[in-house]
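Asks: fold the following, please.
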Amino acid sequence: MLRLRPYKKNDAEYIISWLNNEEIFSLWGGERFGQFPITPEIINDKYFNNNGDCEEADNFYPLTVADDDGPVGHFIIRYINGNNRILRFGWVIIDNNRRGQKIGQKMLKLGLKYSFEILKAERVTIGVFENNLPALNCYLSCGFHKSEILEDSLCDCNKEMIKVLELEILKDEYKF
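Replies: Sure thing, here's the model as predicted:
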């Protein structure tokens with residue numbers, strides 16, 4: 001049984017262990033944290049001292065998903081452009097040893113339930129590198145689809161331009 005809870009500083013140790021190679025780090029969006037490898041202190045500095053790079057004070061919510069054995073996944077929620085009805089998921093990662101167990105799908109569904117029921121969002125968005133097929137398939141299986149409000153973009157990842165696909169799900173599309 002998975003539980004969604006607020007991120008704790010010691011969760012960074014788990015995240016670092018899941019970011020065990022440069023490809024996973026890049027697909028996670030690690031360039032926002034610096035160069036591979038990073039340390040738990042770098043994650044915690046970004047989260048606790050720099051508000052996840054969000055300008056608005058109350059706009060950054062790092063979350064951890066755990067089972068009875070401990071953390072198995074992590075992602076963040078933030079508002080887009082100061083609009084508290086549009087949320088964005090980011091920095092999604094799961095324990096490498098748990099891949100293929102639908103942990104990512106279950107984690108994001110918990111996040112969607114929280115976003116729509118508790119935070120009263122009307123729309124949740126997420127970006128994914130077009131070459132990250134496992135993540136793209138996971139997001140599509142949760143009900144995300146091509147965004148109506150956000151345009152795809154390009155990201156300079158390790159000196160390579162990669163397309164970022166913008167996906168979304170609306171509250172009335174989500175099945176609780």
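
Asks: for the rest of this, base every contact and every neighbour count on C-alpha atoms.
Replies: Fine.

Asks: in the chain, what helix or strand scores lowest on average pLDDT?
Replies: strand 153-157 (a mean of 74; mean pLDDT, DSSP states H and E).

Asks: same for that strand, what does it pack against?
Replies: strand 160-170 (3 or more CA pairs under 8 Å, 6 or more residues apart in numbering; DSSP states H and E).

Asks: quick one: distance of the strand it packs on to the chain centre.
Replies: 13 Å (CA atoms, centre = their mean, to the nearest Å).

Asks: wait, Lys163 sits on Glu130?
Replies: Yes. With contact defined as CA atoms under 8 Å, Lys163 reaches Glu130; the gap is 5.7 Å.

Asks: which residues in the protein form strands?
Replies: Using DSSP state E, the strands of the chain run over residues 3-6, 60-67, 70-80, 83-94, 123-129, 145-146, 153-157, 160-170.

Asks: please identify the deepest-packed of those.
Replies: Ranked by mean neighbour count, the strands of the chain are led by strand 123-129 with a mean of 23 (mean count of other CA atoms under 10 Å).

Asks: okay, and the beta partners of the closest residue to Val124 other than its chain neighbours?
Replies: Using CA to CA, 6 or more residues apart in numbering and skipping the chain neighbours, the partner closest in space to Val124 is Leu87 (4.7 Å). Taking DSSP bridges, one obtains Tyr79, Val124 as the residues bridged to Leu87.

Asks: contacts only, for Leu87.
Replies: Ile77, Arg78, Tyr79, Ile80, Ser115, Ala121, Arg123, Val124, Thr125 (CA atoms under 8 Å, 6 or more residues apart in numbering).

Asks: grab the nearest non-local neighbour of Glu151.
Replies: In space, Glu151 is closest to Glu166, 6.3 Å off (CA to CA, 6+ apart).
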